[in-house]
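Trainee: Could you work out the structure for the sequence below:
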Amino acid sequence: MKPDVLRIFALLIFLALGGCGSLVDLGQDQVPDNIYNLSPPDQLQAVMAGEEKVLLLGQMTYPAYVETEKIAVKPSDHEILFLANSRWSDKASTLLTDYLRISLDQEEGWMVIDRKHTALTHDYRLEIDVRDFSMHVREGSVPEIVFQIAVDLFQTGPLEVIARKGFTARVMARENTKEAIIAAFNDVADEISRKLKVWLTQTVE
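Mentor: As a prediction, the model looks like this:
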């Protein structure tokens, strides 16, 4: 076999031995998909309006592979595959947007609204560029979930950028199974959310 074919074959064996099945779907597998969801924290009861700073979660941009229901896998920095017989319950971008909005809304002192409510008065606007949300697989290692974003925080009236920052979170799956991998996707989303909340609190006093 050619070297690149050998490497992909080794990755298929690696995930199959871990109970995850084939890494990629070659179009011949009729096994029904497992459908997964991200699990944002439960929403808290609303407080009286006017007691919080209002944050608009504005434009969020994503790589094309996150704008699908497929679960992205990166066997190298230059390749994107998808986890076979598995998919998200909606586009990964939609799940991430909902996760971040709900999670940020939990932070004391903040009320987070989305783009459906742009007509509402808000104090700040947060724009997020998602750079990576995928499972990184290297031969002989446990899968690592990587979530990377760059954010711009705007203050309204007049509109101006007051801060920008990049965040990266990495979570190793506890084992090489689909359940552990999806749990790691949730953990990495939670870690980015916590980093964002700390940064917002420190940036806007």
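
Trainee: going forward, measure contacts and count neighbours with C-alpha atoms only.
Mentor: OK.

Trainee: Strands along this structure, start to end?
Mentor: All strands of the chain, identified by DSSP state E, fall at 34-36, 53-61, 70-76, 79-88, 110-113, 124-136, 144-155, 160-172.

Trainee: who does the fourth one touch, helix- and strand-wise?
Mentor: Read it as strand 79-88. For strand 79-88, the packing partners by 3 or more CA pairs under 8 Å, 6 or more residues apart in numbering; DSSP states H and E come out as strand 34-36, strand 70-76.

Trainee: ok and the last one relative to strand 79-88, angle-wise?
Mentor: Inter-element angle recorded for strand 70-76 and strand 79-88: 150 degrees (by axes from the mean of the first three to the mean of the last three CA atoms, to 10 degrees).

Trainee: quick check: mean pLDDT across strand 70-76?
Mentor: For strand 70-76, the mean per-residue pLDDT is 94.

Trainee: buried ones in it?
Mentor: For strand 70-76, the buried set under the neighbour-count rule, 16 or more other CA atoms under 10 Å, comprises 70, 71, 72, 73, 74, 75.

Trainee: quick one: which of those residues is nearest residue 183?
Mentor: Among those, residue 71 lies closest to residue 183 (CA to CA), at 13.0 Å.
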